[in-house]
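Trainee: Kindly return the folded structure for what I paste below:
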Amino acid sequence: MAARGRCPECGSESLVEDAHYAQQQLVCAACGCVLSEGLLTTTYTDEEHLREVAYSQSTGQKEQLSRCLQRGIRRVQDLCKVLQLPAVIEETAVSYLQRALQLPAFHLVSLEKKELLGGCCVLVTCRQHRWPLSMGTVCSLLYAKQELFAGVFLSLQRELELSVPALSLADLVTTHLSSFQLVQPTANIPTAFLEDKEKLVARTMAMVELAGETWLVTGRHPVPVVVAAAFLAWQSLRPGPRLSCPLARFCRLAGVQLPPPAHLRLRELQDVLLAMASQLSWLRGFRLDRRTVVKHIGELLQHRLLLLKRAFSQQDTALDKDSVSQGCQDGQGQQDTALGKDSQQGSPSAGQQQRGGTLRPLLPPCLIHPRKRLQAAAPSAAGAALTGDEPISDSEIEQYLRSPEEIRAFSRAKAWP
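Mentor: Residues are numbered from 1 along each chain as shown. Okay, here's the model as predicted:
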């Protein structure tokens with residue numbers, strides 16, 4: 001379309017209007033000089049009213065994905081591919097990522113936190129779909145610190161107002177044991193160490209339930225508890241060739257990393273098993289220790305509830321003679337008291353007995369073996385000399401006056417000759 005006027009560069013009158021990417025321009029056909037440029041219009045409500053807007057608010061800008069969003073989507077897709085997650089989880093995680101990056105709370109965060117946002121979306125989606133996935137697994141894939149990842153995870157949950165259910169320990173046991181090489185026949189593992197997956201999962205689940213009933217799971221990281229329970233379950237299924245295998249070798253054969261607290265969780269589980277074994281009459285003749293009690297795990301788990309009730313009591317069995325005679329008038333009470341005494345004397349290696357013949361109450365380990373507390377600092381010479389009977393000066397006594405009656409009484413006392 002020709003336009004009137006002359007080109008300021010060459011003086012030609014052949015000026016045309018050119019629609020370049022929907023942007024009207026006045027161009028000289030002779031030399032190509034651009035005389036004027038128009039503004040863009042959007043395809044949204046602004047186009048209906050023919051309003052001119054800037055490029056940052058135009059349709060072309062909104063159609064392009066930001067570089068941060070593109071990298072986040074690729075990271076989500078890579079995580080889902082590595083974890084072999086279903087397509088519905090990947091789509092939901094991408095939608096969460098798109099919603100999160102539109103919020104102002106995630107605009108000015110550091111680049112490191114933005115890179116973890118995709119992993120948080122995957123973890124949230126897996127929890128909502130009951131897909132067993134731990135935070136440690138995602139952090140190991142992203143080479144991220146768990147403290148930083150947990151902060152981004154909580155921020156995402158709060159900003160999007162998402163309901164995220166807690167990870168079931170049973171699902172974690174099934175997922176963690178599925179990666180064990182001991183349940184997959186290979187040439188590098190001896191035949192005596194191979195175990196059926198279903199049997200190992202069932203026995204480990206029973207051990208984890210026992211740990212939960214004895215306060216060994218609450219407030220602890222679940223992976224060390226699962227590793228210790230799986231080790232005891234694996235030994236109990238074939239005790240003969242496996243009792244001599246330590247926990248470190250078991251983890252190497254299974255192809256999993258040995259978490260440092262697993263040794264502590266193993267010792268706590270063994271102590272619970274010894275306390276339960278001391279209540280079985282047919283085991284009192286054996287001098288059981290932490291190693292040999294593994295042979296009887298099947299029997300102990302079969303009578304778990306009764307043995308826990310007898311092995312751990314909130315009541316003190318070393319009562320005075322008057323209370324014992326009053327509480328044990330019937331024959332059944334005397335039989336229970338005798339059973340409690342025999343169980344304490346029959347297994348000297350149980351390790352759960354206390355001095356004076358009492359039974360240890362069923363309490364969390366942090367209350368039974370508290371950490372060393374900081375000792376109070378020694379009082380100074382000036383502080384030791386204070387007895388509390390020192391007189392209060394007139395300038396300090398006003399700090400202790402509260403009611404108007406006290407203030408008036410103090411004023412009258414000062415005015416008294």
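
Trainee: how far away is C80 from L306?
Mentor: From C80 across to L306, the span is 47 Å (C-beta to C-beta, to the nearest Å). Quick note: C-beta positions are derived from backbone N, CA and C, even for glycine.

Trainee: Also S36?
Mentor: Applying C-beta to C-beta to S36 and L306 gives a distance of 93 Å.

Trainee: cool, and L253?
Mentor: 35 Å.

Trainee: just L162 next, same as before
Mentor: For L162, the distance to L306 - C-beta to C-beta - is 43 Å.

Trainee: which of those two has more neighbours?
Mentor: For L162 versus L306, the count of surrounding residues by other C-beta atoms under 10 Å is larger for L162: 15 against 12.

Trainee: Excluding chain neighbours, what is closest to the more buried one?
Mentor: Distances taken as C-beta to C-beta, 6 or more residues apart in numbering put V124 closest to L162, at 5.9 Å, once the chain neighbours are dropped.

Trainee: Show the model's pLDDT score for that neighbour.
Mentor: In this model, V124 is scored at 93, pLDDT.

Trainee: Repeat that for P241.
Mentor: Per-residue confidence at P241 stands at 89 (pLDDT).

Trainee: ok, it - how many residues close by?
Mentor: Counted by other C-beta under 10 Å, the residues lying close to P241 total 12.

Trainee: L280 too?
Mentor: The tally of other residues near L280 (other C-beta under 10 Å) stands at 21.

Trainee: What residues does it make contact with?
Mentor: L280 makes contacts with 296, 299-300, 303, 307, as judged by C-beta atoms under 8 Å, 6 or more residues apart in numbering.

Trainee: Could you pull up phi and psi at it?
Mentor: Main-chain dihedrals, L280, degrees, to the nearest 10: phi -90, psi 120.

Trainee: Quick one, grab the pLDDT at it.
Mentor: Here, the pLDDT recorded for L280 equals 86.

Trainee: for the stretch 151-300 of the chain, which spans come out with low pLDDT?
Mentor: Applying pLDDT under 70 to the stretch 151-300 of the chain flags the ranges 187.

Trainee: Now for S110: which residues touch it?
Mentor: For S110, no contacting residues are found, by C-beta under 8 Å, 6+ apart.

Trainee: how much space is there between it and A275?
Mentor: In terms of C-beta to C-beta, S110 sits 50 Å off from A275.

Trainee: repeat for R71
Mentor: Between R71 and A275 the computed distance is 54 Å (C-beta to C-beta).

Trainee: Between the two, tell me which one has more neighbours.
Mentor: Between R71 and A275, A275 has the larger neighbour count (other C-beta under 10 Å), namely 26 against 15.

Trainee: which strands and helices sit next to whichever strand or helix holds the more buried one?
Mentor: According to DSSP states H and E, A275 maps onto helix 262-277. Under the contact criterion of 3 or more C-beta pairs under 8 Å, 6 or more residues apart in numbering; DSSP states H and E, helix 262-277 touches helix 197-213, helix 222-237, helix 247-254, helix 297-302, helix 304-311.

Trainee: buried ones in that helix?
Mentor: Going by neighbour count (16 or more other C-beta atoms under 10 Å), the buried part of helix 262-277 is 262-263, 265-266, 268-277.

Trainee: Also stretch 246-263?
Mentor: Residues of stretch 246-263 classed as buried: 247, 250-251, 253-254, 256, 258-259, 262-263 (neighbour count, 16+ other C-beta under 10 Å).
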